[in-house]
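1. could you work out the structure for the sequence below:
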Amino acid sequence: ANFAKETDERGMAVSPTEKDGLELGNVNGYGTDSDEHTKEQFANSLEVPSTTVNDNEDSDYLDEEEEKEKFWIKLFPWLLKWSWFRQRCYKKKKDKSRLQWDNRAQYLLTLVGYAVGLGNIWRFSYLVAKNGGATFVIPYLLMLFVVGIPLFYLESLLGQALQKGPILAWYKLCPNLWGIGLSAIVVTVYISLYYNIIISWVILYFFNSFQDPLPWAKCNGQTINRSSDFYFNHINETDYASCVNDSTRYYWYVNSLQASSDIDVAGGFNWRLMLTLCAAWIIVYLCIFKGIKSSGKVVYFTATFPYLMLTVLFFRAVTLDGAGDGLKYLFIPDADVLKEKFFQPQVWLEAATQIFFSLGLSLGAIIALSSYSKPSNNALVDTLLVCLTNSFTSIYASIVVFSIVGFKADELNTSIELVSQGPGLAFIVFTEALTLFPVSPLWALLFFFMLFLLGLDSQFAGLEAIITVLYDSKKIQKVRKEITIAIICILMFFASFPFILGNGPYLFQLFDQFVGTLPLLFIGLCEVLCISYVYGVDRFFTLVKYPVHRYMKLFWWFVWTFVSPVVMIIIFFGSTINELVEPLQYTIFAYSEKDGIKTEQVLPYPDWAQFIGAILVLSSILCVPGVLIVRLIAYHKARKQMKEFKALTMERIINIYEKVRNFVLRNQSWTPHVDEEENGEIPYQSCDENDDISETEPSSIDTSGVED
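-> Model (predicted):
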């Protein structure tokens, strides 16, 4: 009846017979029983979509009767008398659609915060100093457009189009190669384990900066009265001489890290680092415990405030004496150095690997973050904004670094050199330069707070990738996100304990050197080859929900098919050969018989450490061929055998079932006993209409009692 009423309102011509039939519950109007399928057929015949019961405005809310079953409403039923209380009481039904960013700014700030990390501060500056200053910037920018932007755009499109995490996205794209997503998540787990250690170091230095003078400047080339200072009263002569020689380096290794003399020596347990590590994981949890709903609001501060701090340091650094010498070294290449360094393969390899590290490619985080954006979003504009902002930040931070290094060289009458990389640049070179600033504790607080925010953003994105993969599973979706994230943070906190032992800094170098090199290059190469040669670029662009010009499709087809794969293959095999020819080494701080004090020394990794490094690399790389082998050989071959076995088994089961059924029920196909044939008592045997009974003898059929 409702359907007939709506049809009349639409002005559709309905015959009286059909209308009467609708009112009586008969779509066809002939008095037969109606069902939903017939109604839909009749609606299609009238070119009117099949109707359903329209939910009212309260349909988005839970049933009132269900809410009344709650114990606290049973105790206080009079609370439901107020309408404002009912509106707050009846929670909306859970929306099963995928979460999305509140706005595009949250998405962009999260990507910028993920890409712009600690590597922009210390690794880029070290590579610039190592490879001839401005000579390194040229191959860096070329690799940005050849490798960085194409791969970033590919991962953004993949997550945005399929709205899934890295594992499920690659599974939907190419089921046999979903090991690419698994490999990316394995590397992300490894990096998340040791990345928060850096944040714990930053927190420790931040709280130690509330002292004047700064604690790492107490014996910087000065003679200290050991009897009046508690700290220096409890160290031996060798340590005291080492501190006087280089106080910032001594404070970093001995006082802060409590590093052992070798990677083979586990050393003691650093309780201060354990407390700062616990604080770091608590802060991370409080920022992401609701997923993108909480982290999307935090990035408004964590992604923008570091630029304010960097700008303050920039104006202070460029006004220092000797800053011009550092900037000249950064931007003006030397002709001899340019000829020597520019054509060396090692410079181009390090430029390409820096692009991977800086943008966070091949880690699955870009796919995970893009899966929460709208499918119609223009991913190319986002890619260009994030990649160019990241490279600008690296050069912007290098201006601050080389200005301070030039100031240090001018104060100490030495040449410009940057011998430390990684954490050493921030915790040794920078801290030493900060001691020369007026009001040095203030600048130290600003600097370490900036590092804290930079590391926090990158840690958000890595954990968000892991959480997205877990919540792509329907079983995990039943668990509250706050509980799942808490379990992940607790497990990773305990798994990070080896890094706060005496040999923890050396284990940190082991993870950083093995995990962050070959696996990322291999995953990126597999991604480009899968899109170009397995799935197809044309098919891939059919998944995109926003219009892409055909010339742009042709351009990306050329880049993803020829340019990027060739460059990545050269980089991957070049890095592999380089690591085989020159095995990786680590830096220790131990007593030197030559100098008579504790200094930094470079040693090769022992066999057990190289074995652990090989496991870290292979456990991530072998995920791709492992999944492919399992599916192509074991699964498909077994599936064919299982089909045959299933068909044969079902046939046998049906035969057994028929025999048992025939024996128990003694139906018409049951053969009579021989004795019954002799007595002439043969039961009636039925036949189908198509059976030929012409040859049957009439005398053999008992027709007695058959009337029809």
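
2. could you list every residue that touches Val534?
-> Cys174, Leu177 (C-beta atoms under 8 Å, 6 or more residues apart in numbering). Placement of C-beta: from N, CA and C, glycine included.

3. just to be sure, it is in a strand?
-> No. The assignment for Val534, made by DSSP: H, G, I helix; E, B strand; the rest coil, is helix rather than a strand.

4. how much space separates it from Ala129?
-> Per C-beta to C-beta, to the nearest Å, Val534 is found 41 Å from Ala129.

5. can you check Thr468 too?
-> Taking C-beta to C-beta, one finds Thr468 at 38 Å from Ala129.

6. the bottom helix or strand of this structure by mean pLDDT?
-> Here the helix or strand of the chain ranked lowest by mean pLDDT, DSSP states H and E is helix 16-23, holding a mean of 42.

7. find the nearest non-adjacent residue to Arg98, please.
-> Gln163 (5.3 Å; C-beta to C-beta, 6 or more residues apart in numbering).

8. let me see the contact set for the one you found.
-> Arg98, Ser371, Pro375.

9. and Leu385, how many neighbours?
-> Per other C-beta atoms under 10 Å, the neighbour tally for Leu385 reads 13.

10. one more: the one 4 residues further on?
-> Burial of Thr389 is recorded as 17 neighbouring residues (other C-beta under 10 Å).

11. now the one 3 residues further on
-> The number of residues packed around Phe392, counting by other C-beta under 10 Å, is 12.

12. doesn't it belong to a strand?
-> No. Secondary structure assignment (three-state DSSP) places Phe392 in helix, not in a strand.

13. contacts for the strand or helix carrying Ala590, please.
-> Using DSSP states H and E, Ala590 sits within strand 585-592. Taking contacts as C-beta under 8 Å, 6+ apart, the residues outside strand 585-592 that touch it are 238, 249-250, 253-254, 259, 261-263, 424, 506, 509-510, 513, 597-605.

14. same thing with stretch 271-280?
-> 196-197, 199-201, 203-204, 257, 493, 496-497, 500, 504.

15. are any of the residues you listed buried, and which?
-> Buried residues within the contacts of stretch 271-280, counting neighbours by 16 or more other C-beta atoms under 10 Å: Asn196, Ile197, Ile199, Ser200, Trp201, Ile203, Leu204, Leu257, Phe493, Ser496, Ile500, Gly504.

16. ok, so what distance separates Val548 from Asn378?
-> 9 Å.

17. circling back to that earlier point, pull out the buried members of the contacts of strand 585-592.
-> Buried among those (16+ other C-beta under 10 Å): 249-250, 253-254, 259, 262-263, 424, 506, 509-510, 513, 597-600, 605.

18. next step: those residues restricted to strands.
-> Ile597, Lys598, Thr599, Glu600 (DSSP state E).

19. among those, which pair sits farthest apart?
-> Greatest spacing in these, by C-beta to C-beta: Ile597 and Glu600 (11.1 Å).

20. tell me the buried residues in whichever helix or strand Met492 is part of?
-> Taking DSSP H and E as the definition, one finds Met492 inside helix 481-495. The neighbour-count check on helix 481-495 (16+ other C-beta under 10 Å) flags Lys481, Thr484, Ile485, Ile488, Cys489, Met492, Phe493 as buried.

21. kindly report the same for stretch 203-211.
-> Going by 16+ other C-beta under 10 Å, stretch 203-211 has these buried residues: Ile203, Leu204, Tyr205, Phe206, Asn208, Ser209.

22. same thing with stretch 274-286?
-> Quick answer for stretch 274-286 (16+ other C-beta under 10 Å): Thr276, Leu277, Ala280, Trp281, Ile283, Val284, Tyr285.

23. for stretch 285-299, same thing?
-> Here stretch 285-299 shows Tyr285, Cys287, Ile288, Phe289, Lys290, Gly291, Ile292, Ser294, Ser295, Gly296, Val298, Val299 as buried, counting by 16+ other C-beta under 10 Å.

24. many thanks, I have nothing further to ask.
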